[in-house]
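Chemist: Need the 3D shape of this:
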Amino acid sequence: MALKTLRMTREDMAKRVARFADLKGFDGGLHDSDHPSCRRTLYNVVGFQPPKSDDEAIASPVGAAAAENAAIKITEGFNLGYCHAKPGCGPMMHNHDTNETFIPMTGRWRCSWEIDGKVEAFELGQHDVISFPAGVQRRFENITFDEPDQEHLLMFVISGNEPQAEFSPESMNELRQMGLIKQ
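Modeler: Numbers count the residues shown, from 1 in each chain. You can find the predicted model right below:
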């Protein structure tokens, strides 16, 4: 069996190039975006189409605005993005319906997950990799505390064409109690 071969012109391939300097970042569109310890900028590089769901807890992993503004607009089974965050910042505990893999590009990052009511974590440095399967409550946080004013960069890859993120019930309750989402 021979694999299908595509003919791609330079113009065709130009639509599949994203220059980091030209990426547009978004800092809103997720339930925890206004939480002081969750402030971050998300960049939708490849894929990330908005999920189809009416559930208030479900959103695109990159937020609504970023999901509609992919630099490379494809639906080929995976999505790639970046997160810029200062030390102490990252999303609240959440889940995905697909795999999510983290790769720190700069700084140090703590990648945590919940199991049996406890939180476990690994601390990752530049170019280390951790891959969470679907269904695992997880979060990440910039822990480069010796550079308190420096934002650092984390790459994330999420499988699927319309991946969904869902904040944990505890995260949603905390956001409601803080008045960041409606009761």
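Chemist: How far away from the center of its chain is the longest helix seen in the chain?
Modeler: In the chain, taking DSSP state H as the definition, the longest helix is helix 169-177. Centroid separation for helix 169-177 versus its chain: 19 Å, with CA atoms, centre = their mean, to the nearest Å.
Chemist: for that helix, what is the average pLDDT?
Modeler: Average pLDDT, helix 169-177: 92.
Chemist: Give the buried residues for that helix.
Modeler: Buried residues in helix 169-177, counted by 16 or more other CB atoms under 10 Å: 171-172, 174-175. C-beta here means a position set from N, CA and C on the backbone, and glycine is covered the same way.
Chemist: List of residues touching that helix?
Modeler: Helix 169-177 has contacts (CB atoms under 8 Å, 6 or more residues apart in numbering) with 31-32, 35, 57, 92-94, 167, 181-183.
Chemist: And the helices in this protein, which stretches?
Modeler: With DSSP H, the ranges of helices along the chain come out as 10-14, 64-67, 169-177.
Chemist: Adding distance to residue 26, write those helices out as CSV.
Modeler: Shown next, in CSV, are the helices of the chain (distance: least, CB to CB, whole Å):
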stretch, distance to residue 26
helix 10-14, 24
helix 64-67, 4
helix 169-177, 18
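Chemist: these two touch, right, residue 93 and residue 138?
Modeler: Yes - assessed by CB atoms under 8 Å, residue 93 is found in contact with residue 138 at 7.1 Å.
Chemist: Mind listing the shared neighbours of these two?
Modeler: 112, 114.
Chemist: Comparing the two, which residue is more hemmed in?
Modeler: Higher neighbour count among residue 93 and residue 138: residue 138, with 22 against 19, using other CB atoms under 10 Å.
Chemist: The more buried one pairs with what?
Modeler: For residue 138, the beta-bridge partners under DSSP bridges are residue 94, residue 113.
Chemist: thinking again about what came up before, farthest pair in the buried residues of helix 169-177?
Modeler: The distance between the two most remote of those (CB to CB) is 7.4 Å, for 172 and 174.
Chemist: got the residue ranges for the strands in the chain?
Modeler: 25-26, 41-46, 58-59, 78-85, 94-96, 100-104, 109-115, 118-124, 130-132, 138-142, 152-159, 165-167 (DSSP state E).
Chemist: Which strands and helices lie in contact with the second one?
Modeler: Counting by 3 or more CB pairs under 8 Å, 6 or more residues apart in numbering; DSSP states H and E, the packing neighbours recorded for strand 41-46 are strand 25-26, helix 64-67, strand 78-85.
Chemist: Point out the most buried one among these.
Modeler: Mean neighbour count (mean count of other CB atoms under 10 Å) peaks for strand 78-85 among those, with a mean of 22.
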